[in-house]
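1. Here is a sequence with its predicted model. Questions after.
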Amino acid sequence: MAIIRPYDAERDQDAIIRVWREVHWITSDEQAKWAPQFMEKARTDVAEVNGEAECQASSTDGTFRYLEEDLTMSAIVGVTTSRIARKQRLAQRVTAHRIAQDAANGVEICTLTMFEQGFYDLMGFGTGPYGHRVRFDPADLTIDRPFRVPRRLKADDWKMIHAAMINRRLTHGGCRLYPAELLQVELNHAEKSFLLGYCDGPGGELTHFFWASDHEEHGPSYVYMMAYQDHDQFLELLALMRSLGDQIRLFQMVEPPDVQLQDLIKQPFRARMVSEKGSFNTLIRGDGYWQARICDLEACMAKTRLDGPTARFNLVLTDPIEKYLDGDAPWRGLSGEYVVTLGLESSAGPGADPALPTLTASVGAFTRMWLGVRPATGLAVTDDLDGPPELLSALDRTLRLPVPGLCGWEY
């Protein structure tokens, strides 16, 4: 049986680099140079098989914005399994172990971006809302405003770039990640890219920028990361992209959750039809590519302040992560019975009140409802959530939230 344990650089570094090469996370010796820093700056656990690390899961600290509150967050930033260790449930076990360690240390919510829906559901994650990936010809932007000559940024500017990401405008569902050294790894891992931005802070700090791929002369160019502190700065970045339209024929970026990029694109339907069969096809695609799960129910509810009518109910919560945890895990998931109040003053505590209606849910489905991904009445149709119709309708009225989005910082 595989042994799940913390990463040890002396024992495991070469083995994990080999695994990363196998799955093509590393394609050059230059990229391999940065793998040790990633493993050591993140919190990394491994599954040892026949004396060697063959599976790895890494997490890092962060914050997650819930309306006006910041929750402590663990972000799963890497899970890989070697070619000889597939289908042994090692990725589930090592990821569950990593989450349990973080939850035991006080993390309130855990998030990740997924390779496919279904796998991380086994550890209690629920899928976020559709994020819109917009492919557009920058020359078709209708931004009619001046822009200034930007600063050319490099990977060596990782400290100021990280600071700009930390200080950027956040909406419901936005996140920040620490430490900065992980962004340094990410910047050096991308072999062909460019960064342009503006240093408008009172002390010359970087305030807004974008980082995009630069693989071909004419694109397509994928926007990896974007930061801005207000919408005027956002529009300046789009005006800057538009200025590049005489060479770059296509940008792709994740649409910020509080704007609709289609409003700023000239004749988007015509452009889509004309480019449909080509490599530079323009389109707007929606998919749920990130997931989240509550790790501390009481803490998350205590930070929930809703303007809608108060809803009070029993919650019977199931958490599938426990089946992947060893017997000595410091945290066993959230399965149990709770009394929950949602409103201006929200709370959750163990127990049951026979006078209250009862909601039954998996932790992933409850997380989706609480975040506002979909209403309770909709989740009762497609996910593991059920309750009396009157309670579901009441929860719909209480949890009227903006669409949550991790926009700007994918990991």
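-> Cool, got the structure. Numbers count the residues shown, from 1 in each chain.
2. and the residue nearest to E48 when sequence neighbours are not counted, how far is that from G378?
-> Nearest non-adjacent residue to E48, counting by C-beta to C-beta, 6 or more residues apart in numbering: I3, 4.4 Å away. (Each C-beta comes from the backbone N, C-alpha and C, glycine too.) Distance, I3 to G378, by C-beta to C-beta, to the nearest Å: 42 Å.
3. now swap in A180 and tell me
-> Counting by C-beta to C-beta - A180 and G378 are separated by 39 Å.
4. For this protein, which segments count as helices?
-> Taking DSSP state H, the helices of the chain run over residues 9-22, 29-32, 35-41, 90-104, 158-166, 180-189, 231-243, 268-275, 297-302, 363-371, 376-382, 389-398.
5. for those, which one sits closest to N314?
-> Checking these against N314 by C-beta to C-beta gives helix 389-398 as the closest, at 9.6 Å.
6. Where does the prediction get shaky in the stretch 151-300 of the chain?
-> Regions of the stretch 151-300 of the chain meeting the criterion pLDDT under 70 are absent.
7. Now with 80, please.
-> 191, 276, 278 (pLDDT under 80).
8. in it, which spans are strands?
-> Listed in chain order, the strands of the stretch 151-300 of the chain (DSSP state E, counting those that start in this stretch) span 151-153, 175-177, 193-198, 208-213, 221-227, 251-254, 283-287, 290-294.
9. So which of these is nearest K33?
-> Of all the strands of the stretch 151-300 of the chain, it is strand 193-198 that lies closest to K33, at 17.1 Å by C-beta to C-beta.
10. Direction included, what does the closest one pair against?
-> strand 151-153 (antiparallel), strand 208-213 (antiparallel) (DSSP bridges).
11. among the ones you listed, which is the most enclosed?
-> strand 208-213 (a mean of 23; mean count of other C-beta atoms under 10 Å).
12. mind checking how far that strand is from the chain centre?
-> Taking C-alpha atoms, centre = their mean, to the nearest Å, one finds the center of strand 208-213 at 18 Å from the center of the full chain.
13. Let me know the angle separating that strand from helix 180-189.
-> Relative orientation of strand 208-213 versus helix 180-189 (axes from the mean of the first three to the mean of the last three C-alpha atoms, to 10 degrees): 40 degrees.
14. So what touches strand 208-213?
-> With C-beta atoms under 8 Å, 6 or more residues apart in numbering as the test, strand 208-213 has contacts from 150, 153, 161, 164, 168, 187, 190, 192-198, 200, 220-229, 233-234, 236-237, 240-241, 251, 253.
15. Show me what stretch 138-155 is in contact with.
-> 160-161, 184, 187-188, 194-199, 206, 209, 211, 235-236, 238-246, 248-251, 264-268, 271, 282.
16. got a list of what A47 touches?
-> Contacts of A47 by C-beta under 8 Å, 6+ apart are A2, I3, I4, A53, E54, C55, Q56, A85, L90, R93, V94.
17. Would you agree the fifth one is in contact with L90?
-> Right, E54. Yes - the pair E54 / L90 is scored as a contact, 7.0 Å apart, by C-beta atoms under 8 Å.
18. okay, the two: which has more neighbours?
-> Using other C-beta atoms under 10 Å as the criterion, E54 and L90 rank with E54 on top: 27 against 23.
19. Tell me the pLDDT of the residue found closest to the more buried one once you drop the neighbours it is linked to in the chain.
-> Nearest non-adjacent residue to E54, counting by C-beta to C-beta, 6+ apart: A85, 3.9 Å away. According to the prediction, A85 has pLDDT 86.
20. Would you check that A85 makes contact with V49?
-> Yes - contact criterion C-beta under 8 Å: A85 and V49 qualify, at 5.4 Å.
21. overlap in contacts of these two?
-> Joint contacts of A85 and V49 (C-beta under 8 Å, 6+ apart) are A2, C55.
22. longest strand of the chain?
-> When the chain is parsed with DSSP state E, its longest strand is strand 52-66.
23. name the helices or strands packed onto it?
-> In terms of contacts (3 or more C-beta pairs under 8 Å, 6 or more residues apart in numbering; DSSP states H and E), strand 52-66 is packed against helix 9-22, helix 35-41, strand 43-49, strand 69-81, helix 90-104, strand 109-113, strand 175-177.
24. For the fourth one, output the C-alpha coordinates as PDB.
-> Same thing as strand 69-81. C-alpha atoms of strand 69-81 as PDB (Å, rounded to 0.1, in the frame of the first residue of the first chain):
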ATOM      1  CA  GLU A  69     -15.600  39.400   3.700                       C
ATOM      2  CA  ASP A  70     -12.300  37.600   3.200                       C
ATOM      3  CA  LEU A  71     -12.200  33.900   4.100                       C
ATOM      4  CA  THR A  72      -8.900  32.000   4.700                       C
ATOM      5  CA  MET A  73      -8.400  29.800   1.700                       C
ATOM      6  CA  SER A  74      -6.300  26.800   0.700                       C
ATOM      7  CA  ALA A  75      -5.800  26.600  -3.000                       C
ATOM      8  CA  ILE A  76      -4.900  23.200  -4.500                       C
ATOM      9  CA  VAL A  77      -2.200  24.300  -7.000                       C
ATOM     10  CA  GLY A  78      -1.000  21.000  -8.400                       C
ATOM     11  CA  VAL A  79      -1.900  17.300  -8.500                       C
ATOM     12  CA  THR A  80       0.000  14.900 -10.600                       C
ATOM     13  CA  THR A  81       0.300  11.100 -10.800                       C
END
